[in-house]
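> model this:
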Amino acid sequence: MQPLLDIDFVRKQFPAFSEASLEGQAFFENAGGSYTCRPVIERLFRYYHQRKVQPYGPYAASQAAGAEMDEARAGLARLLGVESDEVIFGPATSANTYVMAQAFREHLKPGDAVVVTNQDHEANGGPWRRLAGAGIEIREWRMDPASGHLDPADLAALLDDKVRLVAFPHCSNVVGEINPAAEICAMIHAAGAVACVDGVSYAPHGLPDVGAMGADIYLFSAYKTYGPHQGIMVLRRDLARALPNQAHFFNADLPDKRFNPAGPDHAQVAASAGMVDYFDALHAHHGGTGAAGRAVHDLMRAHEERLLQPLLDYLAGRNDLRLIGPTRAAGRASTVAVAHARPGLELATELAGHGIMAGGGHFYAVRALEGLGIDPAHGVLRLSFVHYTSAGEVDRLIAALDRVL
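Residues are numbered from 1 along each chain as shown. Modelled structure (predicted):
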């Protein structure tokens with residue numbers, strides 16, 4: 001039987017919960033960036049104090065710096081179910097996606113097709129759409145305008161022997177529904193195309209087994225998964241070898257540099273090993289043995305689902321707003337957007353007066369809101385939480401919503 005998440009243990013791993021300036025504030029804008037766990041902060045502090053030198057040199061401080069960067073890459077690969085040379089760091093997911101699109105611009109030929117969705121954050125759609133300027137056909141897999149659901153059957157109608165890549169979100173940052181990524185990747189591969197999955201809005205709720213999923217490219221952000229401001233990309237080995245180098249010519253044979261035109265932030269890469277420390281500690285504290293990845297994923301998801309369903313029930317029971325996405329917690333992430341007669345930012349601003357930190361706007365999901373018939377300028381109120389959120393904070397949110405709405 002799966003243990004219940006020890007929320008007291010979890011919150012002790014995040015300095016924000018003992019920070020006086022944040023006392024009395026309930027954080028519900030986690031989809032924009034999570035709190036940072038203590039091991040990441042400690043590693044970053046240590047790196048800047050002891051190892052702020054060029055890594056991989058012949059002297060002790062340099063070797064320690066490089067070893068910690070390698071530790072981060074190897075640890076994340078273990079959690080994600082891939083090889084360490086398939087984990088690539090970059091300044092942000094938006095930048096990593098842009099670099100991938102430039103590689104495919106060279107790799108593809110005019111007349112080839114790429115499929116994108118209108119459910120995506122712009123970071124996973126815009127760079128691919130710009131390939132139209134190179135003669136690449138762009139096809140749009142559209143979600144249902146009422147529910148926001150992305151139906152795999154609609155993708156099947158778009159796939160043919162011209163399609164070379166399909167980019168889709170594991171989870172939308174406004175719709176919240178978890179797309180069946182493994183099933184979709186299998187469809188894409190059956191059509192002979194590459195599967196590029198934007199995991200930015202999914203990974204904070206539990207790192208997926210990318211190896212089992214079958215994604216050729218999987219992207220997410222460390223600053224949303226309790227770490228530093230880095231983009232993390234899984235790029236499977238065979239595809240990496242087939243794509244043209246995007247870095248200095250003399251780095252063409254180095255997997256960690258081949259798709260990073262600029263040098264990585266050494267300190268932040270090294271500090272990302274703290275994310276692995278945290279997941280491993282969480283696994284051990286709950287009696288886990290063996291691999292931590294799937295167990296921690298399930299632990300986080302179960303806790304979030306328990307807290308999410310009362311919020312969904314409350315919102316679905318109101319007739320003065322539109323709840324976007326599924327009404328059952330099991331089918332979605334704890335990222336909840338609602339459309340209201342009042343602008344999203346206005347509602348978020350009023351909630352702040354009740355100690356609720358939430359967000360309002362379009363959240364770079366302009367195409368998704370337009371696809372749902374919502375004016376992006378008016379925006380939505382977004383309420384997002386992760387596994388360190390407590391049941392009491394959700395109760396406080398619902399009480400505040402009652403007053404504000």
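
> who are the contact partners of the nearest residue to residue 110 once chain neighbours are set aside?
Nearest residue to residue 110, sequence neighbours excluded (Cβ to Cβ, 6 or more residues apart in numbering): residue 135, at 3.0 Å. For the C-beta atoms, the positions are set from N, CA and C on the backbone; glycine is no exception. Residue 135 sits next to 109-111 when contact means Cβ atoms under 8 Å, 6 or more residues apart in numbering.

> same thing but at 10 Å, please
Residues in contact with residue 135, defined by Cβ atoms under 10 Å, 6 or more residues apart in numbering, are 105, 108-112.

> mind showing which ranges of the stretch 51-200 of the chain have poor pLDDT?
For the stretch 51-200 of the chain, not a single residue meets the criterion pLDDT under 70.

> helices of that one, start to end?
Remark: helices assigned in the stretch 51-200 of the chain by DSSP state H, counting those that start in this stretch are 60-80, 93-107, 122-129, 152-156, 181-190.

> and the fourth one, what does it pack against?
Read it as helix 152-156. Here helix 152-156 touches strand 113-117, strand 137-141, strand 163-169, helix 181-190, going by 3 or more Cβ pairs under 10 Å, 6 or more residues apart in numbering; DSSP states H and E.

> need the contact list for residue 164.
Residue 164 neighbours (Cβ under 10 Å, 6+ apart): 104, 107-109, 112-115, 131, 136-137, 191-194.

> identify the farthest-apart pair in the contacts of residue 135.
Using Cβ to Cβ, these span at most 13.9 Å, a distance reached by 105 and 111.

> spit out the residues that contact these two alike.
Joint contacts of residue 105 and residue 111 (Cβ under 10 Å, 6+ apart) are 135-136.

> those two: who's more crowded?
Higher neighbour count among residue 105 and residue 111: residue 105, with 17 against 9, using other Cβ atoms under 10 Å.

> skipping adjacent residues, who's closest to that one in space?
Residue 105 sits nearest to residue 134 (Cβ to Cβ, 6+ apart), 5.2 Å away.

> ok, residue 405 next?
Residue 405 sits nearest to residue 320 (Cβ to Cβ, 6+ apart), 6.3 Å away.

> how about that neighbour, what does it touch?
So residue 320 contacts 338, 340-342, 405 (Cβ under 10 Å, 6+ apart).

> gap between it and residue 404?
Counting by Cβ to Cβ, to the nearest Å, the gap from residue 320 to residue 404 is 11 Å.

> what do you get for residue 25?
16 Å.

> these two - which one has more neighbours?
residue 404 (20 against 14).

> pLDDT wise, what is the closest residue to residue 352 other than its chain neighbours at?
Leaving out its chain neighbours, the residue that sits closest to residue 352 by Cβ to Cβ, 6+ apart is residue 358, at 7.6 Å. Looking at residue 358, its pLDDT is 98.

> what about residue 358, how many residues close to it?
28.

> first-to-last residue distance for stretch 280-292?
From its first residue to its last, stretch 280-292 covers 6 Å (Cα to Cα, to the nearest Å).

> what mean pLDDT does it have?
Stretch 280-292 comes out at a mean pLDDT of 89.
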